[in-house]
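*Asks:* Please find the sequence and the predicted model below.
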Amino acid sequence: MSTLRTGVSPLARLDRFPRWGLSAISVLTIGLGMLFVQYDIFNINVSFVQTCAQIIGGCTPATSDQFIGLPIFLSLLGYGIGALVLGPLSDRFGRHRLLIIAMVITGLGSLFSTFAVDETTFGLSRLVTGIGIGADLAIINVYVSEIAPRRMRGRYTSVLFVMAALGSALGIWLGLFLTTPMTPWPQGLPFAVASDTFDTGWRWVYGVGAILAAFSLALRIALPESPRWLAGKGRDVEAAAIVARMEERATRRQPLLPETADDSRDAAVHVGGTLSAVRELFTSPVSLRRLLVIGCAWLLGYVTIYSFAGAFTSVLVRQGYTPAEAGIVSAVGLTGFIAAAIVARSVVDRVERKWWMLIGAAIAIVGALIVVAGGGATTATLVGAIIVFFGQNIWVPAQYALTAESFPTRFRTTAYALADSIGHIGGGLGVFLLVGVFSQFPLLGTLLGLIGFLVVGAVVNLLAPRTRNRSLEEISA
């Protein structure tokens, strides 16, 4: 049973930091995790056409969209398992320790994918990788929300999302380079290397993922534990020491910001077991309502996100594009993802978190209309693809922040993991069941049908709480 310990919280000064309190290398360390998460999500997009033809009997480039749903579903099922199992463990044993474990699992999964020999082993490798990534995604975003000042939580989440965007671009462009034949631009990549004598480029795509995981793992060892987690466990001395080191770095060029009524206060801190915290999540009407609203919004939004992230190339091939041409449209479209991450860094804290999904859905619809009007790998089609990817990603960093901010520290990762797992499993089922169906429609119907889920999710998301520029303790009060 939870007990209540009152006293002086070491967190009182955290929200007054004028900037990030950890080193620049810490941003790179956490950012590499986000880079790898998105690299793994997107690396199947272009490369699967070759993977399918190599290891799945009866698969051809024109029918690869009929086979891609299962590995994507297994990957997202793994996300749910990892988030639900390892996420709560981070509430019990700490953010830092589970960040290490999650990356080990992720790296082993990518290595497994590299040596897959048939549909079964490839699917299992995606499941294992998904377990590590699902945990990593939940813990990273909770970790950032707990150590960033309240005025800049959205901004620093968006900084990491820039790394995620770069990982997405790396996954698609590397797949284009290694798994498609040399083709004149814009129908393909003029310096691509796939050929009759080199048809295993997809294995190198996953091998690079294993290398990225190993590099990220080595850097994570130096990260400090979350002071909010330490304080929640009654370890105030350790929490205060970490906050002091962060404050020294954050105030080198600018003093602490003036105290306001919205900053974290010296407050009561709940100290108790993980099971009691999980029980509280499901028995608290406020927390349970937030979980259902945010989880449902993620579920609907992820149908759109993962349909484009994992299957856009296969869908376009079904619509008559060549694999190289479809890959180019996907690869160029990813610049919209990068642009969304960069723009979000500057604007995410200016608008309430829950409105961003609706803004993104409207932008994505405009992009889809331009893609259809362009026809083929034309300039208009490429511009439309950029706008689609911009719209379907501009809301994600705000949603990451909203999800982490909406729950108390004592079960924050558990709640985040549950909401994110609802989203990922729903998104996986959506891709598995819907991409093959929608790809039978004309291109306009396919694109608008998939984006429609994001629109519905955006409406549901309006029921989420207001969290922008509020202390985590105030939101959870």
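*Replies:* Now that the structure is in, tell me what you want to look at.
*Asks:* what about the strands in this protein?
*Replies:* 3-5, 269-271 (DSSP state E).
*Asks:* In terms of mean pLDDT, which of the ones you listed ranks lowest?
*Replies:* Of all these, the minimum mean pLDDT falls on strand 3-5 (a mean of 46).
*Asks:* gap between residue 25 and residue 228?
*Replies:* 21 Å (C-beta to C-beta, to the nearest Å). All C-beta spots, glycine's among them, are computed from the backbone N, C-alpha and C.
*Asks:* Tell me which of those two has more neighbours.
*Replies:* Neighbour comparison, residue 25 and residue 228: the larger count goes to residue 228, with 28 against 11 (by other C-beta atoms under 10 Å).
*Asks:* Could you find the closest non-adjacent residue to that one?
*Replies:* residue 146 (4.2 Å; C-beta to C-beta, 6 or more residues apart in numbering).
*Asks:* can you count the residues close to that neighbour?
*Replies:* Residues near residue 146, counting by other C-beta under 10 Å: 23.
*Asks:* ok, now how distant is it from residue 179?
*Replies:* Taken as C-beta to C-beta, the span from residue 146 to residue 179 is 40 Å.
*Asks:* now swap in residue 309 and tell me
*Replies:* Taken as C-beta to C-beta, the span from residue 309 to residue 179 is 17 Å.
*Asks:* okay, the two: which has more neighbours?
*Replies:* Shown here are residue 309 and residue 179; by other C-beta under 10 Å, residue 179 has more neighbours (29 against 26).
*Asks:* Now do the contacts for the more buried one.
*Replies:* Residues near residue 179 by C-beta atoms under 8 Å, 6 or more residues apart in numbering: 46-47, 49-51, 194, 201-202, 205.
*Asks:* what's the closest of these to residue 463?
*Replies:* Distance to residue 463, by C-beta to C-beta, is smallest for residue 46 among the contacts of residue 179, at 37.0 Å.
*Asks:* Read off the pLDDT value for the closest residue to that closest one other than its chain neighbours.
*Replies:* For residue 46, ignoring the flanking residues on the chain, the nearest one in space by C-beta to C-beta, 6+ apart is residue 175 at 3.5 Å. If you check residue 175, the pLDDT there is 88.
*Asks:* Wait, residue 175 touches residue 47, no?
*Replies:* Yes. Between residue 175 and residue 47 a contact is recorded at 3.7 Å, counting by C-beta atoms under 8 Å.
*Asks:* In the stretch 201-350 of the chain, where is pLDDT below threshold?
*Replies:* Filtered on pLDDT under 70, the stretch 201-350 of the chain yields the residue ranges 261-277, 310.
*Asks:* Contact partners for residue 334?
*Replies:* Counting by C-beta under 8 Å, 6+ apart, residue 334 makes contact with 42, 165, 168-169, 172-173, 389.
*Asks:* that older thread, could you measure from the residue nearest to residue 46 over to residue 107?
*Replies:* 19 Å.
*Asks:* cool, residue 374 as well?
*Replies:* Distance from residue 374 to residue 107, by C-beta to C-beta: 39 Å.
*Asks:* who's more crowded, those two?
*Replies:* Each of residue 374 and residue 107 has its neighbours counted (other C-beta under 10 Å); residue 107 has more, 22 against 17.
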